[in-house]
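In: Predicted model and sequence follow; I will ask about them next.
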Amino acid sequence: MGTILRWAAARALRGIVALGLATGAAAAAAEPVGPIEGLQGRLAELQAANAPALEQARAQHELGRALARASRNDEAASAFEAALAVREAELPPDDPDIAATLTGLAVVRTGQGRRPEAEALFRRALEIRQRAHGDQAPEVATALANLGALYVQMERFDEAAAYFDRAIAIQEKTPGQELSLLVALANRASLYERQGTPAKADAVYQRILELETRIHGGASPRVAAAHTALADRYRARGEAAQAEIHYRQALEILGGADQAGLGAVARNLEGLGWAARERGRLGEAEQHYRRSLDILESALGRDHPVLVPVLDGYAELLRKMSRPGEAGALEARAARLRSAAEGPAELAPAAQREPAAKPQP
């Protein structure tokens, strides 16, 4: 059950970038990528047989994708460059295969921190997609989202917003683009937060919740995660009443959660404990904190650092209840677990979509 919870890392900004680039790779990610060794062997066979250049280029491209997924960026770049050289020489200038390889190489350059090069590559891919498919095609939306995500990394937020908005406009009116639209909306909501317009972000998160419900049905864990994400937003602003509504809705969906879903149950119980505490319902808050703690201790043991935020919140509640001795014991326990960890622990915030750790070209 070690995957119940994860360490939280830097939140919105990293999430925007990962989500955006994952969107940009959606089409490619839908295709299977074989093991690196197998792809290398296949390429060697094609080279030994003096196979047609375009067939070898395809093998190089697939190898580049696999290497990029493994974070072997230098090798991935070499494979993409080899594929690109052949495709540019052998194919018409607006062939989508050229755009695909440009995108793969751009993702790798982004991972290498070579963002100006990545920008030029992403722009070339966008131009090809526009000429090949038309301005309103899903492939164009993907290319726009890639540039938006890159501009977030480059802290060019106004440009990022414009590209995300263009991608969303295309995806909203294109059948079958709901999953990509969810990613783009999550990017846009996070960017609204970064730009200091929380009301606009709230509206987008509400749209995400509605879309998740329509796609997956009201009882889906993804819908529960969307409720938790919205609750967390209200919590960050101290709006306990609104946060409580969404934590409760998430828990209603998760009521029959299996072992793999108990982490989400604990997460929302902790949120309800905070909301009840802030609203003065201290006895009820204690029940929620206690249940959250019981779940985590049963799953992870008493010494796991991910218990720290629950212990902290529970201790604060106990001080409000004039029980300083019990509060002090929990605080000491939290301090011990915190000092034993590499860094501060936090219950995992809900995400609208869970991107891969590294975008896939």
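Out: Everything's here; your move.
In: all helices of the stretch 151-300 of the chain, in order?
Out: 157-172, 178-194, 198-216, 221-236, 240-253, 262-278, 282-300 (DSSP state H, counting those that start in this stretch).
In: pLDDT averaged over the fourth one - what is it?
Out: Computed over helix 221-236, the mean pLDDT rounds to 91.
In: Also the first one?
Out: The average of the pLDDT scores along helix 157-172 is 95.
In: Now do it against helix 178-194, angle only.
Out: With axes from the mean of the first three to the mean of the last three CA atoms, to 10 degrees defining the directions, helix 157-172 sits at 150 degrees from helix 178-194.
In: what's helix 157-172 packed up against?
Out: Here helix 157-172 touches helix 12-24, helix 138-153, helix 178-194, going by 3 or more CB pairs under 8 Å, 6 or more residues apart in numbering; DSSP states H and E. Backbone N, C-alpha and C define where each C-beta goes, glycine included.
In: For those helices, give me JSON lines that also has distance to residue 229, mean neighbour count and mean pLDDT.
Out: Formatted as JSON lines, the helices and strands packed on helix 157-172 follow (distance: least, CB to CB, whole Å; neighbours: other CB atoms under 10 Å; pLDDT from 0 to 100):
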{"stretch": "helix 12-24", "distance to residue 229": "11", "mean neighbour count": "24", "mean pLDDT": "36"}
{"stretch": "helix 138-153", "distance to residue 229": "19", "mean neighbour count": "27", "mean pLDDT": "95"}
{"stretch": "helix 178-194", "distance to residue 229": "9", "mean neighbour count": "24", "mean pLDDT": "89"}
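In: Tell me the secondary structure at the residue lying closest to residue 47 once chain neighbours are set aside.
Out: Nearest residue to residue 47 in three dimensions, chain neighbours excluded: residue 56, at 6.3 Å (CB to CB, 6 or more residues apart in numbering). When classified by DSSP: H, G, I helix; E, B strand; the rest coil, residue 56 comes out as helix.
In: wouldn't residue 56 be in contact with residue 48 here?
Out: No: the criterion here is CB atoms under 8 Å, and residue 56 misses it with residue 48 at 10.6 Å.
In: The two - which one has more neighbours?
Out: Ranked by neighbour count (other CB atoms under 10 Å), residue 56 and residue 48 place residue 56 first, with 19 against 8.
In: if I look at the more buried one, how far off is residue 98?
Out: With distances taken as CB to CB, to the nearest Å, residue 56 is found 15 Å from residue 98.
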